[in-house]
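In: Sequence plus predicted model, see below.
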Amino acid sequence: MESWAVPSSGSTSFSDESVRLKELKVTESIYDAFLCPLTKSVMQDPVTLENDQTYERTAIERWFLECSANGRPPVCPVTQMKLESTSLKPNIALRNTIQEWVARNDAAKLDNAKVYLTSDVPNEVIDSLNDIKSLCLKSRTNKVKARTSGLIPLIVDCLKLEERARCLALETLRTLADTEDENKEAIGETDAIRNCIKSLFRDSRKERDHAISLLYDLSKIPSLCEKIVAINGAILILVKTCSSHSDNVNTVQKADQILHNLESCERSVREMAENGRLHPLLQRLVGDSDAIRLEMACILSELVLSNEGKTTVAEMGALALVRMLQSGPLAGREHALKCLCQLSDLEGNGQILVGAGILGPLTEDLFAVGVNQLPARLKEIAATILANIVRSGVDLESVIIDSDGNTLISEATLYNLLHLACNTGPSISAKLVEVLASLASSPRAVGQLLVSVKNAGATISLIQFLEAPLGDLQANSVKLLYHLSPLMGNELADGLRVTTGQLGTVVNLIGTVGVTEEQAAAAKLLSNLPLEDVQLTKALLEEQALSTALKKLDELSQGVIRRGTSRWLNLYKEGLVGLILRFTYVSISTVVVGPAQEFNLTALFTKLLTTENNVKVQQMSALGLANLSSYSNFLSEFPETRQSWSICPCFFKGPVKLIALCPLHKGKCSAKETFCLVDAGSVGPLVACLDHNDVSVVEASLRAISTLILNSEDMEKGVQVLRSADGVEPILVILQENRSEELRQLAVTIVECMLQIEEMARSISNNYNVVTALVEAFKHGNNDTRQVAERALQLLNKIPSFSGVYSRTK
């Protein structure tokens, strides 16, 4: 600043302005001898030619180059005198004089800037900051002068002004700090660091960039790192800046470097970890002394990690944590367990933890007894880790966990798990049963687990867990029993009958609000129990199982149930329909036919067949219709005819009331009372399922359709019903496709009945593909199929009726 004009603003009083003017120092004017004739600027390196003319070295050298390039002899730019030599002689005396003059003026400018930094006029503050910055960029001496003259605190005070002044003040402070450690320390003694952190929280990108640059320079001084860390929110905003997409790359890189510089402060390690920057902590955990590792594990055990953080810790620190679990003081093992528990909660970490060798020490801690055993609270954590790892889906069948070569599904291990689950507190039992349930979900492991359950005599204990007061234990028990139920349905049915209350507990669980994994498992458990167990069916009726299942199914169809996840919806539906299906597997003489009539199961299954996309539900619905339809003949009754014994017919009053009879069953029929498929409108939907992609749906549908012919009073009427529903051709196609032996047997049986009708026989006999299919069935089908195929071929006159290959059962 060459001069300072008197402010015209009225924001300062006349007396204040007078004082300020008295403090200002006058700068010396430029002497002509200081100016280079070529550049018209003050010379920094004056040199003299042979004719005693003085120029700035770089300017005269450039002049001589131009002369040479233009093919002219070198001349003096001022006198145009031809020079014999282009040698340059440094003018040391002039240079020193200029430097002294510059130093005096710079000092005066810095002193004047100090005066105007406290001005109330914004432009004066801005001008003074610009002058200080440019002066400090000129020389190191000015940086020292700025510090020793007390400018730094005044510049820091400008960080409390408006944005333009703040940005310029940050830029000026950075200029002062560059390459000057003493200046950095002087800045650190002020409130600059706190104000820099405040700037990082502001919206101005330019201000954030300047603040980061200054903090980066200050963080190179170890003592200032401690001060940065001490500012509340400093680590957080720096970590945030590192992951910012709005700041420029240079700013992000500097923020990362600042954090790297701060890692030398022990306090910063915890704060960085708390804010998601885990590498400093993990480096100490992996490679430092036992005491430091213990401290880092303690910190880590107290953190709540994000999923990304869990992955990072698992990848870098799993091995160190497992080693702490294997040996060392109890405190270290406790911290390691807590850390590993949190890591295991992320499914993707399962393989990493197993690879780090966690299963061995984990099961050893669980099964240990006596003085070496862990406290119950730590055993619960160990059980939780194991449950999380098994649930993650990692292949554990080949992972050796002890010196005897056992794996997690070895008989000895499973026995220990079952024994511990049945003889410990409910919290640990809940986790161990969860482990067993997860193992049981594996087709390869469930068989071994089944053997272990039977050998350990644990069936009743597992069933008794269904009434455990702890919800997790009850829920996990349901899941375990569900996975075991396809293989030990009879044992579970026996156990549920002899124990008190457990069956009702499972039914109540099905009826709770929402759709959860536990509800789906409970429904599937009951649906997997032996369908022909009449005593169990009666017990389920007493527990209101049928009405509960129907109510929940109705709520699902109406969209009443919203809580829960669609992940379990299909499984839940399958369980509900499977539970309802068991009430069609009953003898006609039992009392359970009443509920099937009361709740109109024929209409329900017909509706499910047409509205559900779930293949399993469709298959069970068709099977339910097949079962119910097989009772229609027994339930259909011919109405009693009232006989009149009047002497004179004229005394008989009123018309005779005609009662419509079912053409199939020759009696009074309805979907609700006699399970008649015709009255229920089930024939069309069943025929539509005959070209389903899933064989099981086709088999169940064809079985239901077969009852129209095989279980009717008039076989010909049954065929007519089938023809009316366009069901003949799909059956002939099924016979030709031969997708399964059961389908072929059913199709052959129905076709054999059709052939007993003359019109149908003529039509089918002309279909050579059908005839060929019957021949194939006769040649390659099972014993029952061959017998029926023989009769069909006899009806077609393809083989003699006296062939006697398979005699017809009379």
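Out: In hand now; what should we look at? Numbers count the residues shown, from 1 in each chain.
In: Going by neighbour count, list what's buried in stretch 274-294.
Out: Glu274, Asn275, Gly276, Arg277, Leu278, Pro280, Leu281, Leu282, Arg284, Leu285, Arg293, Leu294 (16 or more other CB atoms under 10 Å). All C-beta atoms are positioned from the backbone trio N, CA, C, and that covers glycine.
In: just stretch 593-610 next, same as before
Out: For stretch 593-610, the neighbour count (16+ other CB under 10 Å) marks 593, 595-597, 599-609 as buried.
In: now do the same end-to-end measure for that stretch.
Out: One end of stretch 593-610 to the other measures 24 Å (CA to CA, to the nearest Å).
In: what does stretch 405-424 give?
Out: From its first residue to its last, stretch 405-424 covers 26 Å (CA to CA).
In: Give me the contact list for it.
Out: By CB atoms under 8 Å, 6 or more residues apart in numbering, the residues outside stretch 405-424 that reach it are 359, 363, 366-367, 376, 379, 390, 396-401, 404, 428-429, 432-433, 435-436, 439, 444-445, 448-449, 451-453, 455-456, 458, 461.
In: can you tell me the helix or strand for the residue nearest to Pro800 when sequence neighbours are not counted?
Out: Sequence neighbours aside, Gln794 is the residue nearest to Pro800 in space, at 7.4 Å (criterion: CB to CB, 6 or more residues apart in numbering). Using DSSP states H and E, Gln794 sits in helix 783-795.
In: Report the buried residues of that helix.
Out: Thr785, Arg786, Gln787, Val788, Ala789, Glu790, Arg791, Ala792, Leu793, Gln794, Leu795.
In: Keep only those of the contacts of stretch 405-424 that are in helices.
Out: Among the contacts of stretch 405-424, the residues falling in helices (DSSP state H) are 359, 363, 366-367, 376, 379, 390, 428-429, 432-433, 435-436, 439, 444-445, 448-449, 451-453, 455-456, 461.
In: picking that back up, which of the contacts of stretch 405-424 count as buried?
Out: Neighbour counting with 16+ other CB under 10 Å marks 359, 363, 366-367, 379, 390, 396, 399, 401, 428-429, 432-433, 435-436, 439, 445, 448-449, 452-453, 456, 458, 461 as buried within the contacts of stretch 405-424.
In: so where's the longest helix in the protein?
Out: Assignment by DSSP H gives helix 92-116 as the longest helix of the chain.
In: how about it: buried residues?
Out: For helix 92-116, the neighbour count (16+ other CB under 10 Å) marks 94, 98, 101-102, 105-110, 112-116 as buried.
In: which strands and helices sit next to whatever helix or strand comes next after that helix?
Out: Remark: after helix 92-116, the chain's next helix or strand is helix 122-138, criterion DSSP H and E. Packing partners of helix 122-138 (3 or more CB pairs under 8 Å, 6 or more residues apart in numbering; DSSP states H and E): helix 92-116, helix 140-148, helix 151-157, helix 163-177.
In: Show me where this structure has its strands.
Out: Assigned by DSSP state E, the strands in the chain fall at 46-48, 54-56, 89-90.
In: tell me the pLDDT at Ala671?
Out: pLDDT, Ala671: 87.
In: How about Phe634?
Out: Looking at Phe634, its pLDDT is 83.
In: What about it, how many residues nearby?
Out: By other CB atoms under 10 Å, the residues close to Phe634 number 14.
In: what does Leu473 give?
Out: 24.
In: May I have the phi/psi pair for the closest residue to Thr548 other than its chain neighbours?
Out: Once flanking residues are discounted, Thr548 sits nearest to Gly511: 4.4 Å by CB to CB, 6+ apart. Note on Gly511: its backbone torsions stand at phi -90, psi 0 [degrees, to the nearest 10].
In: quick one: contacts for Gly511?
Out: Counting by CB under 8 Å, 6+ apart, Gly511 makes contact with Thr548, Lys551, Lys552.
In: for Lys666, same thing?
Out: Here Lys666 is in contact with Ser636, Phe638, Glu713, Asp714 (CB under 8 Å, 6+ apart).
In: at 10 Å instead, please
Out: Neighbouring residues of Lys666 by CB atoms under 10 Å, 6 or more residues apart in numbering: Asn633, Ser636, Glu637, Phe638, Ser712, Glu713, Asp714, Lys717.
In: I figured the first one was touching Gly718, is that so?
Out: Right, Asn633. No. Using CB atoms under 10 Å, Asn633 is not in contact with Gly718, being 11.3 Å away.
In: Need the overlap of contacts for these two.
Out: Residues touching both Asn633 and Gly718 (CB under 10 Å, 6+ apart) are Leu664, His665, Thr707, Asn711, Ser712.
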